[in-house]
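Student: Sharing a sequence plus its predicted fold:
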Amino acid sequence: MNERWTDEHVPDQSGRVAVVTGATSGLGYETARVLAQRGATVVLAVRDVEKGKQAAARMTGDVSVQALDLTSLASVRSAAADLRAAHPRLDLLINNAGVMYTPRQTTADGFELQLGTNHLGHFALTGLLLDRLLPTPGSRVVTVASTAHRLRAAIHFDDLQWERSYSRVGAYGQSKLANLMFTYALQRRLASHGTTVAVAAHPGVSRTELLRSAPVAMRLLVDRIAGPFLQNAAMGALPTLRAATDPHVEGGQYYGPDGRRQISGHPTLVASSPESHDEAVQERLWTVSEELTGVTFPRA
């Protein structure tokens, strides 16, 4: 497909069930809105249920709200139980919610906030819902990563929770690198089933609420220097939508904007860093993630 991909290319989603995390605003909202508009049954899995209801009211289609706090494994387990009870099958799980450049904080389970929210919460949710995806031909797990997986990014197994020292940028980069490594390792586990694929996407640099936790100076710098180049949330959601719905998508692919430095543009296949493809690190991270969350994935 040589033409620029837009939301007009999203095929009919009637009969499909999609769960989108962090869908009260920004990228998640736009992703959910388009899926619902195309006929999918959409569940907004969100921390603030009231905001979720307000978001759902602005959408057209079959949209419901599920309480989900990714900073609490108890909440993740409760949400997964509710979703399993309500939906015998799932077609799309879109791991979109995230936090960025927060001051050092910990989740209810003692994880560094960015790793706990962006990676471990979604890791657990995916594992708990996978048996609703595996029987569904054409089902997908789409995880939203970031170009920040390249910035000072590594998996710091010697200080995974940043207890000895803390870098907002480094911790965010680690969590986004973890998102990609999770996608690639998950795809290896899914390949033998032949029904479900794992795909990643990133939005480029979009004007959303994600930077709300960043230092004031950083927010001002981004606004003044990058402001003219920022794309809106609807454009930023296109790589996720393509990863979720394009019939030509294959497991293990990564989608992002086609513009210079992948800052903005229309969604296309992009490459991630060489580090993200290190299978030994991926497998070590997988084992650690299972140990930390207590969630073990179904075996092939």
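Tutor: Nice, thanks for sending it over.

Student: Could you use CA atoms for every contact and neighbour count after this?
Tutor: OK.

Student: What ranges in this structure fall below the confidence cut-off?
Tutor: Per-residue confidence for the chain (pLDDT under 70) gives these ranges: 1-2, 206-229, 300.

Student: residues in contact with the biggest helix by length in it?
Tutor: Longest helix in the chain, counting residues (DSSP state H): helix 168-190. Under the contact criterion Cα atoms under 8 Å, 6 or more residues apart in numbering, helix 168-190 has outside partners 100-104, 114-115, 118-119, 123, 143-146, 148-156, 162, 196-200, 251-252, 276-277, 279, 282-283, 285-286, 299-300.

Student: For stretch 190-201, C-alpha coordinates in CSV please.
Tutor: The C-alpha atoms that make up stretch 190-201 are tabulated as CSV, following Å, rounded to 0.1, in the frame of the first residue of the first chain:
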residue,chain,number,x,y,z
LEU,A,190,2.2,-16.8,20.0
ALA,A,191,3.6,-18.0,16.6
SER,A,192,2.8,-21.6,17.1
HIS,A,193,-0.8,-20.9,17.9
GLY,A,194,-1.5,-19.3,14.5
THR,A,195,-4.4,-17.1,15.8
THR,A,196,-3.0,-14.2,17.7
VAL,A,197,-0.1,-11.8,16.9
ALA,A,198,1.8,-9.3,19.0
VAL,A,199,2.6,-5.9,17.3
ALA,A,200,4.0,-2.6,18.6
ALA,A,201,3.4,1.0,17.6
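
Student: Specify the beta-bridge partners of the closest residue to residue 92 other than its chain neighbours.
Tutor: Residue nearest to residue 92 in three dimensions, not counting chain neighbours: residue 18, with 4.4 Å by Cα to Cα, 6 or more residues apart in numbering. In this structure, residue 18 bridges to residue 42, residue 92 when assessed by DSSP bridges.

Student: show me the contacts for residue 18.
Tutor: Taking Cα under 8 Å, 6+ apart as the definition of contact, the neighbours of residue 18 are 35, 40-43, 90-94.

Student: Looking at those, spot the one nearest residue 139.
Tutor: Within the set of these, residue 91 lies nearest residue 139; the separation is 4.3 Å, counting by Cα to Cα.

Student: so where do the strands sit in the stretch 51-200 of the chain?
Tutor: Per DSSP state E, counting those that start in this stretch, the stretch 51-200 of the chain carries strands over the ranges 62-67, 92-95, 139-144, 196-201.

Student: And the shortest one, how far out from the chain middle?
Tutor: Averaging C-alpha positions (Cα atoms, centre = their mean, to the nearest Å) puts strand 92-95 7 Å from its chain's average.

Student: can you check stretch 292-300 too?
Tutor: When distances are taken as Cα atoms, centre = their mean, stretch 292-300 is centred 19 Å away from the chain's centroid.

Student: Just give the nearest non-adjacent residue to residue 91, would you?
Tutor: The spatially closest residue to residue 91, leaving aside those adjacent along the chain, is residue 139, at 4.3 Å (Cα to Cα, 6+ apart).

Student: What are the boundaries of the strands in the stretch 201-300 of the chain?
Tutor: Under the criterion DSSP E, counting those that start in this stretch, the stretch 201-300 of the chain carries strands at the ranges 254-257, 267-269.

Student: quick one on the thing from earlier: tally of neighbours for the residue nearest to residue 91?
Tutor: Taking other Cα atoms under 10 Å as the criterion, the count of residues near residue 139 is 25.
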